[in-house]
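Peer 1: Generate a structure from the sequence data that follows.
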Amino acid sequence: MKLIRQLFWSGLAAALLATGCRGFPSADETAARRELAAVADHYRPDQHKPELPALAPDAGLTNFLAYALLNSPTVEAAYDDWAAAVERITVDRSFPDPKLTFQAYIQDDLTSLMPGLMQDFPGPGKLKTAGAVAAAESHAKFFAFESALLRAAFNFKSAWYNLYFLDARIDINRQTLALLADLETIARARNDAGKGTLQDVYRAQIEQSQLTTAITNLEDSRRPLFAQYKAALGMTQDQPDPPRPARLGSTSLDWDADTLLATAFAHNPKLGAAAAEVRLAEATMAQSGKSKVPDFSLGLQAETYTPPFYWPQASMTLPVWRDKLAAEIAAAQANKQAAAARLTAEQIGLTVDFAARAYDYRESTRNLAMLENQLIPKSRQSLEIARAAYLSGQVDFFNLMDAQRTWLNFQIQAVDERTRRELTLAELSLIIAGVPPAGAPALTASPGVSASYPARHP
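Peer 2: The predicted model follows:
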């Protein structure tokens with residue numbers, strides 16, 4: 001009975017030790033958990049998807065954007081990766097689990113039974129550096145989540161703008177088709193009166209056939225564009241088709257090149273991820289520097305037979321492989337240099353991308369102003385003049401058709417420039433500047449991210 005009691009109390013002490021101990025979180029761990037909790041309160045409260053906004057044509061683009069961000073599986077996967085990385089900070093900075101040991105001596109019968117407890121102690125500073133590495137990894141995962149969120153917003157805007165302006169193209173072509181039908185009627189009347197030729201009628205019919213086919217192709221292209229729009233909302237194929245916003249919802253962006261570029265360097269998530277990689281490499285260097293520090297193990301065994309004896313145990317690792325230690329440090333140094341080079345490359349690339357998109361915005365703005373203020377009104381007047389001149393026999397039908405094509409092409413070009421301008425604005429604000437859109441519940445709900453997660457510069 002005495003032996004049973006000793007074994008019972010030894011096992012109970014080990015169980016209480018294993019379940020009742022807590023470590024000491026670092027400042028980085030506390031900050032990371034605080035930021036994760038702030039985002040989770042809006043993005044995944046109680047670890048569940050919140051109620052999605054109602055989608056209605058008159059709800060405005062903000063509701064559709066919020067729906068897309070909350071429902072995107074890509075964003076959710078990036079969020080879960082970030083959450084897992086935050087949890088790994090606790091795992092990596094914690095002591096190894098203690099070991100419950102048993103040792104027995106048996107000859108003809110059991111002569112000795114020694115239960116004991118053993119604990120491994122990493123060398124001084126090793127747990128701290130391991131936690132710092134895990135914290136740096138969580139920083140990188142946060143920026144991956146931020147990038148996924150902004151990319152999901154851009155994908156939705158891109159799909160919606162292309163779908164919206166497709167209808168504008170179809171409307172322009174239908175108006176032009178009606179105009180061509182009217183011109184064919186005029187050409188027939190002139191042919192019947194002997195003032196025109198049947199060739200004019202055939203030309204009008206040819207133009208109508210080509211335009212009818214173009215309209216059919218545009219209408220058919222609505223299906224893949226709507227599939228992209230539905231996918232951008234995170235909806236699967238078997239779900240009912242969503243409604244569409246009643247209005248375009250143009251991207252609002254305070255356009256000042258210097259201010260916008262400064263915003264991009266402060267908030268671009270790819271730049272943040274590259275800077276986080278530099279800090280991760282620095283933390284890994286510090287961790288590799290601890291490789292030459294030995295680890296320790298301490299334990300105690302108790303002889304259960306009378307008289308009781310206690311056997312202390314201790315061990316220490318011997319980091320004698322100097323070439324291995326040197327290689328770990330050299331590899332960490334090389335990783336840091338590579339990360340710093342990638343950060344510089346990202347900064348250069350961001351500057352180039354910003355310059356290219358800024359030029360696209362300025363060019364599309366100028367082209368759109370020229371088309372709407374000059375070319376389209378003048379080409380419409382030219383078409384009316386050509387029509388009147390054709391009726392009076394002053395110009396032939398070829399010139400009338402040329403005026404009609406010019407007017408149509410300018411209108412289509414205006415739609416293309418509007419599409420290009422909106423996509424450029426969306427890319428500038430979301431992908432390059434890293435400005436979260438209205439209705440982004442995760443990033444706008446966490447204003448303290450920049451305080452705990454380092455800035456984009458190392």
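Peer 1: Just the buried residues of the host helix or strand of Tyr202, please?
Peer 2: Here Tyr202 sits within helix 198-232, counting by DSSP states H and E. Neighbour counts over helix 198-232 (16 or more other Cβ atoms under 10 Å) mark 200-201, 203-204, 207-208, 211, 214-215, 218, 225-226, 229-232 as buried. C-beta here means a position set from N, CA and C on the backbone, and glycine is covered the same way.
Peer 1: Which pLDDT value does the model give Asn217?
Peer 2: As predicted, Asn217 sits at a pLDDT of 97.
Peer 1: for the protein, where's the lowest mean pLDDT among helices and strands?
Peer 2: Least confident element among the helices and strands of the chain, by mean pLDDT, DSSP states H and E: helix 449-452 (a mean of 40).
Peer 1: And the next helix or strand past the host helix or strand of Ala341?
Peer 2: If you go by DSSP H and E, Ala341 is part of helix 322-370. Counting by DSSP H and E, the next helix or strand C-terminal to helix 322-370 is helix 376-391.
Peer 1: Which SSE is immediately downstream of that following helix?
Peer 2: Once the chain leaves helix 376-391, the next helix or strand it forms, by DSSP H and E, is helix 397-426.
Peer 1: So which other helices or strands are in contact with that next one?
Peer 2: Applying 3 or more Cβ pairs under 8 Å, 6 or more residues apart in numbering; DSSP states H and E, one finds that helix 397-426 contacts helix 126-192, helix 198-232, helix 322-370, helix 376-391.
Peer 1: list the buried ones in that helix?
Peer 2: By neighbour count on 16+ other Cβ under 10 Å, the buried set for helix 397-426 is 397, 400-401, 403-404, 406-408, 410-426.
Peer 1: ok, Trp160 - contacts?
Peer 2: Residues counted as contacts of Trp160 (Cβ atoms under 8 Å, 6 or more residues apart in numbering) are 61, 64, 229, 232, 244-245, 249.
Peer 1: From Gln413, how far off is Leu368?
Peer 2: Distance, Leu368 to Gln413, by Cβ to Cβ, to the nearest Å: 9 Å.
Peer 1: Ser221: what's it in contact with?
Peer 2: Ser221 neighbours (Cβ under 8 Å, 6+ apart): Leu166.
Peer 1: Let me see the contact set for Asp81.
Peer 2: Asp81 touches 141, 144-145, counting by Cβ under 8 Å, 6+ apart.
Peer 1: which of those has the most neighbours?
Peer 2: Using other Cβ atoms under 10 Å as the neighbour test, the contacts of Asp81 are led by Phe145, with 26 neighbours.
Peer 1: Could you report the distance from that residue to Val39?
Peer 2: If you go by Cβ to Cβ, the gap between Phe145 and Val39 works out to 8 Å.
Peer 1: Could you list the residues in contact with stretch 118-137?
Peer 2: Residues contacting stretch 118-137 (Cβ under 8 Å, 6+ apart): 26, 28-29, 32, 85, 88-89, 91-96, 98-101, 276, 279-280, 282-284, 286-287, 289-290, 293-299, 313.
Peer 1: Doesn't Ser250 lie inside a helix?
Peer 2: No: Ser250: not assigned to a helix; according to DSSP: H, G, I helix; E, B strand; the rest coil it is coil.
Peer 1: Kindly provide the distance from it to Thr74.
Peer 2: Look at Ser250 and Thr74: by Cβ to Cβ, they are 25 Å apart.
Peer 1: How about Leu350?
Peer 2: Distance from Leu350 to Thr74, by Cβ to Cβ: 22 Å.
Peer 1: neighbour count winner among these two?
Peer 2: Leu350 (21 against 13).
Peer 1: I'd say that one and Lys270 touch.
Peer 2: Yes: between Leu350 and Lys270 a contact is recorded at 7.4 Å, counting by Cβ atoms under 8 Å.
Peer 1: centroid residue for this protein?
Peer 2: Nearest residue to the geometric centre of the chain (Cα atoms, centre = their mean): Ala148, 1.2 Å.
Peer 1: Skip the chain neighbours and tell me the closest residue to that one.
Peer 2: Ala78 (3.8 Å; Cβ to Cβ, 6 or more residues apart in numbering).
Peer 1: Please give me every residue in contact with that neighbour.
Peer 2: Ala78 neighbours (Cβ under 8 Å, 6+ apart): 141, 144-145, 147-149.
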